Structure formats: C-alpha cells, structure tokens
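Trainee: I would like the atomic coordinates for the input below:
(2 chains)
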Amino acid sequence: MIKVVAACGNGMGSSQIIKMKIDKVFKKLGIQATIDHMSVGEARSAASSYDVVFCSASLVDNFSCKNSRTKIVGLVNLLSDVEIEDKIKENNIL
Amino acid sequence: MGDLYTTINSASTLFANNVLTKPEFFIGILVFIGYLFLGKPIYDAFGGFIKAAVGMMIWNVGAGGLVSTFRPILAGLNDRFQLNAAVIDPYFGLNAAGEAIKMIGMSLSWTMISLMVGFGWNILLVLLRKYTKLRTLFLTGHIMIQQATTCTWLVFFAIPELRNITGAIWIGLLVGTYWAVFSNLTVEPTEELTENSGFAIGHQQMLWVWLTSKVAPKIGNPENSVEKVKMPKWLSMFNDNVISTGTLMLLFFGVIMTILGEPYLRGMDKAGFPATLAFPTYILSKSLSFAVYLFILISGVRMFVAELTESFRGISDKILPGALPAVDCAATYGFSSPNTVLYGFLFGCIGQFMAIAGLFLFKAPIMIITGFVPVFFDNATTAVFANKFGGVRAASILPFCTGVIQVMGGAFAAWYFQLYTYGGWHGNIDWDTLWPAIGVIMKNLSTPGLILVIVLMLMIPQFQYRRSSNKANYFKTADGGGL
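Mentor: The predicted model follows:
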C-alpha cells in the first residue's frame, strides 16, 4: 500500500481530476494506494510523508524533497490515462 | 382521505423544517441517493452522506468566522468614511451570496436544487447535441457550487416573485445553459492549446478564454513566447496559495486597519484588542485570520465537493458516455511553461492594483480588495491562452486588462447586487462582465428577461457550428472516455 497525494494550485479542481485519474490507472495496474488531494501550499508541507506527489508539470519546481522516499511526478495532460501509466512505469511506482 | 392529507402535509412541513432549511443534510441525502443510484454499496453511500454533511458544516464554521471578523471592519469603513468594501474572490462571494440568501429568509437548499437542475439540463442539452450543437459537460464541482449560489442570489434579488421552487428550477436552467454553452465555446481554443487532449474548460473565465483566443493574434506574435523570458525566482512562491492569500490579506487589511487607526479599533473591538496588545500585532493576527477562516471554508467545500464530483462523474458515465468533459482551468497549465502562469498573475496584479488606486482617487463608494482566486487563476489562464495565440506581448497586455476589468466589473456588481453589505463578490472575470449584464437584464425585464437570456445563450452554439470550418470534426468525442 503506497501513499499518494495529488496537488494543484488551490487543491480543488485539477487535483481532484488527477486523483480520479490515477485511481483508475492504479486499479488497472493492480497497485494498492491511498490517494489524498490538496493545494500545493499544503502538499509542500506534507510531501515528505507521502510516497508519490502527482501535480501539473508547471508546479513540479515547487517541490524539493531531499529524502529518498518521495517521488515527484509532473503531468502535462492531467486527463490522459496513457501518460499517467507511462509515468508510473517510468518512476517505478509499485 | 383527510387523514392522509394531514399526514402528507405534516410530513412535508417536517421535511421543509428539518431538511430544506438544513442544506448540510439536504446535500448529504442527495449524495446518498446518488451513490445508491450508481450501484455503490450502502456503507459507501452512508460514508458519502457523512462526508458531504460534515464538509458543509465545516464550510459554515469558516463562513461564520469570516463574517464575524469582517463585520467590525466593514462597519468601521462605513462609519468613518462612508465607504463599503468587497473582496473579489469566489469564496468570499459564496459567503456573501449565502448570507444574502439567508437574510431574505431562504435557504441554501434552493441553491442545491438549482445545481441539480443545472447539471441535468446540461446532460439533456448534450444528449440533444444534434439540435443544440452542444458537446461539453461541466464537471467542475466546486465551481458549480459557487456559480449556482451567486446565480441564485442574482435571480432572487432581481425577480422577487421567483423566490420559490419555480425560481429554483429557472435558476437551474439559467446556470446550466451557461455551463453548456460557454464550456462548448472553449473547445476549439483548448484543443489547439493542448494538441487535442480531449477536454474543454469548465470554469469561471470561459467567455474570456474564447475572447483571448480571438484577440491575442491581433496583439502579438506567438513565436515570441513567454518561455524565453527570465522571471525572478522569488515570484514562484506565489504558487503556494497559503502564502499568496496571507500576503494579499495582510497587504489590504493592513492598510485598511492602519487607515481606521489604533484608537478607533481599540474602542470598537475591546475584547479582541486588549491594552497589552501592540497595534502591529493586532493587525497581523486580524489580517491572517481572514486567511485562516478562508482555508477552513475551502477545506469544507473541498470535502463535500469531492463526494459530489464522484457522483457527477458516475452519473455522466452512465447517461452520457464519451461526452467531452469541461474541467478546471488549471488543467491547461501543464501545456505552458511555469513562467506563463506567474506572468499572468503578475500583470493581473498590476492591473488590479492600478484599478483599485483609480477607484480610490475618484472617490468611488466601493473599495475593492484583491482576492487570490481571480487574480491568480483568471489571469494565469488568460496568459496561457494569450501566449499560445499572441506570444509575450499578448500575455502581458491581456492579463493587465483583465485585472482592470475584474476590479471595475466587480465594483459595479458588488454595488448593484448589494453584496457589499456582506463584503464579497464572486469576482472571476465572467462574473465581472457577462453575469452583471445578465443580472441587469433580469432586474429590468423580470422573468421574460431571464427567458430571453437563456434563448440568446442557446443561439451561440448554432452560430459556432455554422462558422466551424470542419463540420465533420465538430462532434468528435473524447478518446479517453471522459473523466
């Protein structure tokens, strides 16, 4: 079971979209995960207690996690199952 | 027979007193029924009920805090300078419209009915796409709540005889038409920006996205992109909504409280401002408590919107598979450089601040306070589209103009619809331009005005279809199967 957070500007709209999309892809790949969604401001403080942070590619620079646990994944098209699946494989998220 | 009538009558009174006046339970029940309808197990439906109700109750706590923090400051401005103030932000607007609706003896449950009607109407309009030429389904839950609430107040304010169930249905048709028609208008620009990613914008600046895509090419050259501009690194800290909101509140309320003056505030707020507390400390803690209550309100809205959005998605998957989803404007930001987003924010800020200074210099009766959501998201979105179609020149000029119009339109709307009494206005750009116009039409023409607006909006996609160069492609559906 991995811990995942989806983040966006205000933690309302696009993070909810990311959450629903990665939930769908995780189910397809058989990955067990709990997924939260919040704003970048909140996620910056909470990131180190998550295994993966998903956000828009334009927000990746806001995260600088020094630990080896947290992976930051930036998405160009938040609604693309294909892109999400590729990035999950690319980053070795299990 | 008489007994049955009495029973039904008392049951409906019970329902009206205990559910309709308690929107948290009303929305909870809607989510519960929605989950059962989607075939989810009963414990999931129960969980949805709890989260929706608790979310709405958290929202109420935040709203109550905002109102009580704001009231003395609004009163002070009025008392000392005969000035009114309004924050132009959808959450302050939601708060203000909600208070106004309660003040005329109505409940927010009417808003929820309008929301459901609007969603259903949007589905129906897309089902009839052969005739309506509408392709997009608005799925952005938090925006739907905000817009349905403001729209409810506009109609209740403009047409008092519609303060009933008929009114709630008309409001749903009005706001649902806006969702369907204007998200449909963003399809072409969004598809061009995102290289056919299969979504449209369902947010607060849909008219603006379309306008920007038409105006930007005339202003600049897309070859000179913002991506080549170097931005100072510290600006990116405003991506953090806690920092942005806190800074804006500190700036504006700091100035307002300094103008009101220490002696006045000491006299006014004896409990909150004891003799041992220094004035700067008082200003700092009061200003930041606006941010605190705003975040409480937002986290409540987030909690119940998450439930609502799940149900909406489930329902649309069942009834309308493959409809083009209209989603949050921030979904486009990945298709531009981080620079562009901050660039729009910066020029929007300059526009807003200059317009606010203008209001002040010309002694307008309303003072506008910048809110985070419109100044950030509207202007960032304008910049992203302006940059795509007109490069760096368009991405500076258009957000600047948008900032100015946000303040001017917001000031007019807050004054005309009397929401300055509660210190807030919706403030996003479509709600500073299109919706004040709709409100004025309804105020002058009453119910026929409302119907006229719906009919006029429904004509837009007809022209759009007629003018589209590739009619075979017009109805292309999302390949990913929507959300």
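Trainee: Can you list the buried residues in whichever strand or helix holds B:Leu94?
Mentor: Assigned by DSSP states H and E, B:Leu94 belongs to helix B:90-103. Buried residues in helix B:90-103, counted by 16 or more other CB atoms under 10 Å in any protein chain shown: B:Pro90, B:Tyr91, B:Phe92, B:Gly93, B:Leu94, B:Asn95, B:Ala96, B:Ala97, B:Gly98, B:Glu99, B:Ala100, B:Ile101. Heads up, the C-betas are built off the backbone N, CA and C, glycines and all.
Trainee: looking only at pLDDT, what's the mean for that helix?
Mentor: Helix B:90-103 comes out with an average pLDDT of 94.
Trainee: Output it as PDB - backbone C-alpha positions only.
Mentor: C-alpha atoms of helix B:90-103 as PDB (Å, rounded to 0.1, in the frame of the first residue of the first chain):
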ATOM      1  CA  PRO B  90     -15.400  33.300  -5.400                       C
ATOM      2  CA  TYR B  91     -15.200  32.100  -1.800                       C
ATOM      3  CA  PHE B  92     -15.900  35.500  -0.300                       C
ATOM      4  CA  GLY B  93     -18.600  35.800  -3.000                       C
ATOM      5  CA  LEU B  94     -20.000  32.400  -2.000                       C
ATOM      6  CA  ASN B  95     -20.100  33.500   1.600                       C
ATOM      7  CA  ALA B  96     -21.700  36.900   0.700                       C
ATOM      8  CA  ALA B  97     -24.400  35.400  -1.600                       C
ATOM      9  CA  GLY B  98     -25.100  32.700   1.000                       C
ATOM     10  CA  GLU B  99     -25.600  35.300   3.800                       C
ATOM     11  CA  ALA B 100     -27.800  37.400   1.500                       C
ATOM     12  CA  ILE B 101     -29.900  34.300   0.600                       C
ATOM     13  CA  LYS B 102     -30.400  33.500   4.300                       C
ATOM     14  CA  MET B 103     -31.200  37.200   5.100                       C
END
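Trainee: do that helix and chain A meet at all?
Mentor: No: counting by CB under 8 Å from any CB of the partner chain, chain A has no neighbours in helix B:90-103; the shortest distance is 9.3 Å.
Trainee: got the contact list for that helix?
Mentor: By CB atoms under 8 Å, 6 or more residues apart in numbering or on different chains, the residues outside helix B:90-103 that reach it are B:63, B:66-67, B:86, B:107-108, B:110-111, B:143, B:145-146, B:149-150, B:152-153, B:156-157, B:204, B:294, B:297-298, B:301, B:371, B:373-374, B:418-419, B:421-428, B:431.
Trainee: redo that, cut-off 6 Å
Mentor: The contact list for helix B:90-103 (CB atoms under 6 Å, 6 or more residues apart in numbering or on different chains) reads B:63, B:66, B:108, B:146, B:149-150, B:153, B:294, B:297, B:371, B:373, B:419, B:422, B:424-428.
Trainee: Can you show me the strands along the stretch 51-200 of chain B?
Mentor: B:84-88, B:136-138, B:200-201 (DSSP state E, counting those that start in this stretch).
Trainee: what about the second one, near chain A?
Mentor: No: for strand B:136-138 and chain A, the contact criterion (CB under 6 Å from any CB of the partner chain) is not met; the two come no nearer than 11.7 Å.
Trainee: Next, give phi and psi for the residue of the stretch 201-350 of chain B found nearest chain A.
Mentor: Residue nearest to chain A within the stretch 201-350 of chain B: B:Asp328 (2.7 Å; CB to the nearest CB). Torsion angles at B:Asp328 (phi, psi; degrees, to the nearest 10) stand at phi -50, psi 140.
Trainee: quick one: whatever residue of the stretch 1-150 of chain B ends up closest to chain A and B:Ile33, what's the gap?
Mentor: Nearest residue of the stretch 1-150 of chain B to chain A, counting by CB to the nearest CB: B:His142, 4.6 Å away. Separation of B:His142 from B:Ile33 (CB to CB, to the nearest Å): 21 Å.
Trainee: For these two, work out which one has more neighbours and name it.
Mentor: When neighbours are counted by other CB atoms under 10 Å in any protein chain shown, B:His142 comes out ahead of the other of B:His142 and B:Ile33, with 25 against 14.
Trainee: Verify the stated contact: the more buried one with B:Val305.
Mentor: Yes: at 4.6 Å, B:His142 counts as touching B:Val305 under the criterion of CB atoms under 6 Å.
Trainee: How far off centre is the helix holding B:Leu94?
Mentor: 12 Å (CA atoms, centre = their mean, to the nearest Å).
Trainee: what packs against the least confident helix or strand in chain A by mean pLDDT?
Mentor: Within chain A, no helix or strand scores below helix A:40-46, which has a mean of 90 by mean pLDDT, DSSP states H and E. When contacts are defined as 3 or more CB pairs under 6 Å, 6 or more residues apart in numbering or on different chains; DSSP states H and E, helix A:40-46 packs onto strand A:2-8.
Trainee: pLDDT value on the nearest residue to B:Ile319 once chain neighbours are set aside, please?
Mentor: With sequence-adjacent residues excluded and distances taken as CB to CB, 6 or more residues apart in numbering or on different chains, B:Ile319 is closest to B:Ile123, at 5.8 Å. Looking at B:Ile123, its pLDDT reads 94.
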